Every structure is written in C-alpha cells, then in structure tokens.
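Student: please work out how this folds:
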Amino acid sequence: MNQSVIPHRLLRTTILLIAMPLLLSFLPIMSAVAQAASSHGPFSFTFKGNHYTLERVAQPPPTDAQCRAQIGQPCYSPQEIRTAYDLNPVLNAGFTGKGQTIVIIDSFGDPTIQNDLQVFDSAFGLPAPPSFTELAPLGQLNFNPNTPDMIGWAAEISLDVEWSHAMAPDANIVLMTSPVDETQGVQGMPEFLYLEQYAVTHNLGKIISQSWATTENTLFTIPGGRKVISDFDHFYQKAGAEGVTVFSSSGDAGTANPDINGNIYPFPTVNFPASSPYITAVGGTSLFADTSGNYQSETVWNDGPTNGATGGGVSQFLKEPGYQQDNLPASDQQLLNGFRGVPDIAFNADPATGVLVYLSFPGVPAGWYIFGGTSEGSPAWAGIIADGDQMAGHPLGFINPAVYKLGKGSDYAESFHDVTVGNNSQDNIPGYNATPGWDATTGWGTPKVATFLEELIEGTEGQNT
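Tutor: Residues are numbered from 1 along each chain as shown. Next comes the predicted model:
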C-alpha cells in the first residue's frame, strides 16, 4: 500500500505496534522508527505528536531499577514477570515445559532470531531451548532491512520467541513463517491458516501462539471474508478436540479498529481470530510490581484517548459459546446479547510497564528494547500452558470451558488477579469497563500461575487425554 494514502490514525496505530506489536497492520512507516532508534542512551518509548520515538538501550540489559531511575518506568525482566504472576513455584518444581513444543506463527522471518535468543538467555540466566526450529513450508523471502513490514514482523518474532521461552525455558520452539504479509482483511490469512493446519497435521506441537489479527468486521463485509472466518473456526474446533491450545492477542487499539482503508469504524469492534469461540483470547493490563517483581496492582491497559489500549468487546458476528452462556451472570448476558465476548484472560501489555526484548536484525541498532502490547500475552500464556501440559502429563487442549468454570467457582481469587479498574475506549469510540469477575477488557484477569495450573488441570481432567 502506498504510504501517501494511509490514513493518519492507522499510521499512528502501526508505529504504536512496534512498542506493542500486535500485527493488526504493518504499513510503510517503519523507516521512521528505524531512524528514531539510531540515537544513543537509555531506551524508551515516548509519544510525541503522532508517533513514538525509540532510543536504544546499550548492553548489558538495564535493570528495572535503572529504567525507573533513568526513564521513569519499569522494564521487566523474565524473573520479575515470573514473580509477579507466581510462576516460580511451578518452575522450581521442575515443570518448565520439558517435552512440550510451542508453535509460533508469523510473517516473513527474523534473520538473527537464533542469535538474539542466545543473547536474551545469556543476559537473564536462561537455558537454551532443547530445540528451536524455523519452518517456512510456503517459501521464504530474503530479508530486506529497507522493507518496513519485514522490520516490524522481525520485531514481533523476537518478542514471541523470547517471551514464550522465558515462561517455559525447557519447551521446544517451532517458528513458522509465511512469505505473505498479513495486514487487514483477508490478506495473509489463508497462508496463516495453512501454516497452522500444517503444524497440527505434522504434530509439530500442542500449543499455538498468534499475536496478529484483523478487525472482525473487515472479514464479514468483503468477498471471501466469511469463508476465512468459517475455515479458521472449523480448524480451531478440530485442533482443540485433538488437544491443541491456541492463543490469540485481542488487539492494541481498544475498541477503535480500522477497516481495510484505514478508517476507524464508528462503533466498538473486536479483532479476529481473538473473537473465535474456539481459541483463548488474551487481553492486556498495566502491571505494577516492585523492582523484585512483587505484585502490587493492575489496571486495564489504556494509554490515553488515542495512544493504545487493550482490545476487547463483543463480536458482531460470532455467537456466544456455551462456556460463556453457562458461567457468566445476567449482567454479562445482557452485554453479550448472544454473541462472543472478548477476551478470556489477560497479561501485562502496557509499554509503560513493558518487558525487555533483544533485537539485532539488519535495520535496527542491536540492543535492548522495551515492548508492550497484547502481543506480549499470547506467547507468554503459551509458555505457561507448556508448563501446565508437562505438569498434567498430557495436552490441556482447549482450555476455555475449564477457565470459565474456574472463574465462576470459589477458587477464582486464588487463581486470578481480578482487574477491576479501567476502560478500553479509544478515539472517542465507547469502550468497556472493568468489573469484578469476567469483563470485556481483561476477561477473568491475569494468572496466579501456581494455583491456576493446579485448578485448570483438575478442570480438564479426562478432557484431552
């Protein structure tokens, strides 16, 4: 797409996605990001006018305390996130994802991802994954650092790989890439479906992470779009029955998502595949923890009227699944009105409370970057479930029915941080409020992993053995 015809709002969203790279759309504005990243000194994302400026963090990675002192915000390490979400007891008990495989789906590729993961692991004292495989069954394009879309996808891959590994250090990783750029509407979606079908058919792994999406409405208003939804839903339903867990990020523009021309729909919208009733949709929070990672509080991630917020809301096309009908109260039923509510769960996503990622591919200065966005949540949750699959001794598969029963039950407060503060409105499009229990901003909330996995495994017993 020619940059001159890209509407201003979509450009802003796209640059925001480098800080929080859910790939709703990657369009030719990344050269400005790469130029901004060439400056020296502490790294930060600073919103100025209509874009974020990026500054590099020199090696070694800064400590969280240094980030707070120098740029006034945290930059969480794997150890801090593990502490905040109570993953350490699981890892210390030996449930580290051993014997499990996480499949990550992205476009293009990252020519330095093997090296960057090694740097990430060395910096944080993590072991290398037992295996890390890159597959491109549809073919692969040569990486061009002058192609903004390739820069953006490489950044996404770095986040996906490094943070799924951080949560499940002994899980295998399979990175599958498409030579087609997924942007908005149907483009790139059939290719992604092929990759996911290939992964399941070839039994590559039982956990799939996807941190990309398109506005749901673009798919049921353009030729071929409804078939894309139907094809994905049939695949997800079949994959879940075969013990595969699929995560999808809910989006980074709140309720204000664009059509294929980049114009924001004048009403609240959600993203697909997060809105599929057969996957687990991950929303975003602002996580507040101390410099040791001790949990303090969380709110709905919303960086202001136009600066990015967690996706969430109600599908206008896909019907409410039974696990929501059976486990959500009358107030939620009134909101959903018979349609699928998004998301199901959440994870830290605010770039102002972001995580450290190492990048060195051509086109960006090698160094440490602070990432946020709901793209952080899908791979992190994939790692958590890899640990859970090992703990259970079998794949947990489609977890939503058990998650909703757990959310409704007496052990909810022991398994989730219930996020009750915030709203995800953007661009003057009405948003949804956080409430006690499930809501259309952060779902049931973020995990208290040690208890959550115990209860989830009990809730799925016999389901996917």
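Student: tell me, how many residues neighbour the closest residue to Thr215 other than its chain neighbours?
Tutor: Of all residues not flanking Thr215 in the chain, Asn257 sits nearest, at 4.0 Å (C-beta to C-beta, 6 or more residues apart in numbering). For every residue, glycine as well, the C-beta is placed using N, CA and C. The number of residues packed around Asn257, counting by other C-beta atoms under 10 Å, is 30.
Student: what does Gly459 give?
Tutor: 18.
Student: could I get the pLDDT score of the closest residue to it other than its chain neighbours?
Tutor: By the measure of C-beta to C-beta, 6+ apart, the closest residue to Gly459 outside its immediate chain neighbours is Ala402, 3.3 Å from it. With respect to pLDDT, Ala402 scores 97.
Student: tell me the mean pLDDT over the helix or strand Asp233 falls within?
Tutor: Per DSSP states H and E: Asp233 is located in helix 225-241. Mean pLDDT, helix 225-241: 96.
Student: for stretch 413-425, same thing?
Tutor: For stretch 413-425, the mean confidence score works out to 97.
Student: buried residues, that stretch. List them.
Tutor: 415-420, 422-425 (16 or more other C-beta atoms under 10 Å).
Student: can you list which of the residues you listed are found in helices?
Tutor: Ser415 (DSSP state H).
Student: now the helix or strand encompassing Ser158, how far from the centre of its chain.
Tutor: Using DSSP H and E, Ser158 falls within helix 148-167. When distances are taken as C-alpha atoms, centre = their mean, to the nearest Å, helix 148-167 is centred 11 Å away from the chain's centroid.
Student: next helix or strand past it?
Tutor: strand 172-178.
Student: what's that following strand packed up against?
Tutor: strand 101-107, strand 132-135, helix 148-167, helix 189-201 (3 or more C-beta pairs under 8 Å, 6 or more residues apart in numbering; DSSP states H and E).
Student: the one residue sitting closest to the centre of the chain in helix, strand or coil?
Tutor: The residue lying closest to the centre of the chain (C-alpha atoms, centre = their mean) is Ser375, at 2.7 Å. Under DSSP: H, G, I helix; E, B strand; the rest coil, Ser375 falls in the helix class.
Student: from Phe247, how far out is it?
Tutor: Using C-beta to C-beta, to the nearest Å, Ser375 is found at 11 Å from Phe247.
Student: now do Gly388
Tutor: 13 Å.
Student: check which residues of stretch 84-96 are buried.
Tutor: 84-87, 90-91, 95-96.
Student: ignore the last one, stretch 122-130
Tutor: 123-124, 126, 129.
Student: which one among these gets closest to Asn337?
Tutor: Pro129 (44.0 Å; C-beta to C-beta).
Student: which of the buried residues of stretch 84-96 fall in helices?
Tutor: Using DSSP H, those in helices are 84, 90-91.
Student: which regions of the stretch 251-400 of the chain lie under the pLDDT threshold?
Tutor: Counting by pLDDT under 70, the stretch 251-400 of the chain shows no low-confidence range.
Student: which parts of it are helices?
Tutor: Assignment of helices within the stretch 251-400 of the chain using DSSP state H, counting those that start in this stretch yields the ranges 322-327, 330-336, 377-392, 400-408.
Student: nearest to Gln197, of those helices?
Tutor: helix 377-392 (18.1 Å).
Student: what is that closest one packed up against?
Tutor: Looks like helix 377-392 contacts helix 88-92, strand 101-107, helix 148-167, strand 207-210, strand 245-249, strand 280-289, strand 345-348, helix 449-459 (3+ C-beta pairs under 8 Å, 6+ apart).
Student: CA atoms only: put the longest one into CSV for me.
Tutor: The one in question is helix 148-167. C-alpha atoms of helix 148-167 as CSV (Å, rounded to 0.1, in the frame of the first residue of the first chain):
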residue,chain,number,x,y,z
PRO,A,148,9.3,-1.7,6.8
ASP,A,149,6.9,-4.6,7.1
MET,A,150,9.8,-7.0,7.4
ILE,A,151,11.3,-4.9,10.2
GLY,A,152,8.0,-5.0,12.0
TRP,A,153,7.5,-8.7,11.7
ALA,A,154,11.1,-9.4,12.8
ALA,A,155,10.4,-7.4,15.9
GLU,A,156,7.2,-9.3,16.5
ILE,A,157,9.1,-12.6,16.2
SER,A,158,11.7,-11.5,18.7
LEU,A,159,9.1,-10.8,21.3
ASP,A,160,7.2,-14.0,20.6
VAL,A,161,10.2,-16.3,20.7
GLU,A,162,12.0,-14.7,23.7
TRP,A,163,9.0,-14.4,25.9
SER,A,164,7.4,-17.8,25.2
HIS,A,165,10.8,-19.2,26.1
ALA,A,166,11.1,-17.1,29.3
MET,A,167,7.9,-18.7,30.6
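Student: give me the angle between that helix and helix 377-392.
Tutor: 30 degrees (axes from the mean of the first three to the mean of the last three C-alpha atoms, to 10 degrees).
Student: can you tell me how far Ser315 is from Phe272?
Tutor: In terms of C-beta to C-beta, Ser315 sits 8 Å off from Phe272.
Student: repeat for Ser331
Tutor: 25 Å.
Student: do the same with Ile260
Tutor: In terms of C-beta to C-beta, Ile260 sits 13 Å off from Phe272.
Student: look at the two and report which has more neighbours.
Tutor: More crowded of Ile260 and Phe272, by other C-beta under 10 Å: Phe272, with 28 against 20.
Student: spatially nearest residue to that one (excluding sequence neighbours)?
Tutor: Closest to Phe272 by C-beta to C-beta, 6+ apart is Glu216, at 4.4 Å.
Student: count of neighbours near that neighbour?
Tutor: Quick note: Glu216 (other C-beta under 10 Å) scores 28 neighbours.
Student: list the contacts of it.
Tutor: Contacts for Glu216 (C-beta atoms under 8 Å, 6 or more residues apart in numbering) come out as 257, 269-272, 275, 315-318.
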